[in-house]
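J.: Mind looking at a prediction? Sequence and model below.
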Amino acid sequence: MATRREQLLELVVERFISHKRPVPSLDLADPLGVSSATIRNDLAALEEMGLLRQPHTSAGRVPTREGWRAYASKYIPPKPLPEASLEHLEMAIGSVDGEQRFKMAMMLASSLSGYAAVMTLAPKEARIETILLSTLEGGRILAVLLLEGGMAREIVLDVGFRPERDVLERLETALREPPLESQAIPAKLQRLEQQASPAVASLAQSLRQRWGEMTAPSLSYSSGASPVLAEPESHDVGFLRGVLDLLERPNSPDNLSPGLFVRVDDPDGISSITVAFKSNLGRASVSILGPTRMRYPKAISVAQAVANVLG
């Protein structure tokens, strides 16, 4: 594609991002310093290439899916963030540990990009530091699994009765006996069901039945639904449902090779920028989610920078 036509495509995309409406040819001649006839010819050529389209005969042009992809691909590899932004990112993420680190990273990814951000982590088999049990209201028990590296898993068990503290302590003590390995815990719980007092046995059974949830294959952290709700596209129920679904149920990083991936308008007017990487805790990915009319250069740079700091 000719350089001028590349510039013209970029100009149409950026005007459409800013103004949220088709871009008329009259707005394009002066910035490129060419005649209106030349602009019309180039626009027609870009339409033939499948990069632009006219929603209506008398309307201006808007990018097609392929046009968006061509525009976004120009920013791979991404430009580094400004030094001040990068220093702030590194200091803020480095100031917290464990899961708070990932939550902080997603808050910053959202605020810097202006879109929603989600991270998934498929952790390595982490050593269990300890298991804590505490009583909640209504016959429920909070079970917390503390892992090395500051990670934690928790579930709420509905056991139907309020056990005494010594009952919880007996179960905690039994589970803390070596080996503290995830795959060994269900067998320990099954033995307790058969040998312990009725109260301890009942708790052990409830925990064994839910143990798989404590060792889920992946974790996710997200932030920034509000910026997405502020976009005009949020009036489309399909778009809104799609973004919320991706925030709540993101893809596992096990399905991705390390690298940067840009998906445009897929599906329901949603674009995503994902950087998959390896960390000392396991395989992970950081994604920025927004409308097809996304500010790709900034979003791509933010996703890469956050992944670099976490990795």
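T.: Received, thanks.

J.: Need the nearest residue in space to the spatially most central residue of the chain, chain neighbours excluded.
T.: Note on the chain: the residue nearest the mean C-alpha position is residue 118, at 1.7 Å, using Cα atoms, centre = their mean. Nearest residue to residue 118 in three dimensions, chain neighbours excluded: residue 222, at 4.1 Å (Cβ to Cβ, 6 or more residues apart in numbering). C-beta coordinates here come from the backbone N, C-alpha and C atoms, glycine included.

J.: what are the ranges of the strands in this protein?
T.: Here the chain has its strands, by DSSP state E, at 52-53, 62-63, 116-123, 128-136, 140-147, 152-158, 219-223, 259-263, 270-279, 282-291.

J.: what would the ones you listed look like in TSV with distance to residue 39 and mean pLDDT?
T.: Putting these into TSV (distance: least, Cβ to Cβ, whole Å; pLDDT from 0 to 100) gives the following:
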stretch	distance to residue 39	mean pLDDT
strand 52-53	12	94
strand 62-63	16	94
strand 116-123	36	90
strand 128-136	65	89
strand 140-147	60	88
strand 152-158	59	87
strand 219-223	42	90
strand 259-263	28	94
strand 270-279	27	94
strand 282-291	27	93
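
J.: The ones you listed: which one's closest to residue 43?
T.: strand 52-53 (6.4 Å; Cβ to Cβ).

J.: Any stretches of the stretch 51-200 of the chain with poor pLDDT?
T.: The stretch 51-200 of the chain contains residues with pLDDT under 70 at 125-126, 149, 179.

J.: That one: helices as residue ranges?
T.: 65-73, 83-94, 98-113, 165-176, 185-195, 198-214 (DSSP state H, counting those that start in this stretch).

J.: which outside residues touch the third one?
T.: Judged by Cβ atoms under 8 Å, 6 or more residues apart in numbering, the contacts made with helix 98-113 from elsewhere in the structure are 81, 85, 88-89, 92-93, 95-96, 116-119, 121, 149-152, 219, 221-224, 227, 286, 288, 290, 295, 298-299, 302-303, 306, 309-310.

J.: again with the shortest one
T.: Judged by Cβ under 8 Å, 6+ apart, the contacts made with helix 65-73 from elsewhere in the structure are 9-10, 12-13, 46, 49-52, 63, 262, 264-265, 271, 292, 296, 300.

J.: Keep only those of these that are in helices.
T.: Judged by DSSP state H, the contacts of helix 65-73 include 9-10, 12-13, 46, 296, 300 as members of helices.

J.: Give me the buried subset of those residues.
T.: Neighbour counting with 16 or more other Cβ atoms under 10 Å marks 9, 12-13, 46, 296, 300 as buried within the ones in helices among the contacts of helix 65-73.

J.: which of those sit farthest apart?
T.: 46 and 300, at 22.6 Å, using Cβ to Cβ across those.

J.: what bridges to the residue nearest to the centre of the chain?
T.: residue 222, residue 287 (DSSP bridges).

J.: I figured it hits residue 275, correct?
T.: No. Counting by Cβ atoms under 8 Å, residue 118 sits too far from residue 275 to count as a contact (11.9 Å).

J.: what do the two both touch?
T.: 286-287.

J.: Tell me which residues touch the residue nearest to residue 118, please.
T.: 106, 116-119, 247-248, 250.

J.: and if we set it to 10 Å?
T.: By Cβ atoms under 10 Å, 6 or more residues apart in numbering, the residues touching residue 222 are 102-103, 106-107, 109-110, 116-120, 244, 246-248, 250, 287, 289.

J.: of those residues, buried ones?
T.: Going by neighbour count (16+ other Cβ under 10 Å), these have 102, 106-107, 109-110, 116-120, 244, 246-247, 250, 287, 289 buried.

J.: domains in the protein, as residue ranges please.
T.: Following automatic domain parsing, one finds the domains of the chain at 3-73, 83-124+218-310, 128-214.

J.: Most tightly packed of the ones you listed?
T.: Mean neighbour count (mean count of other Cβ atoms under 10 Å) peaks for domain 83-124+218-310 among the domains of the chain, with a mean of 19.
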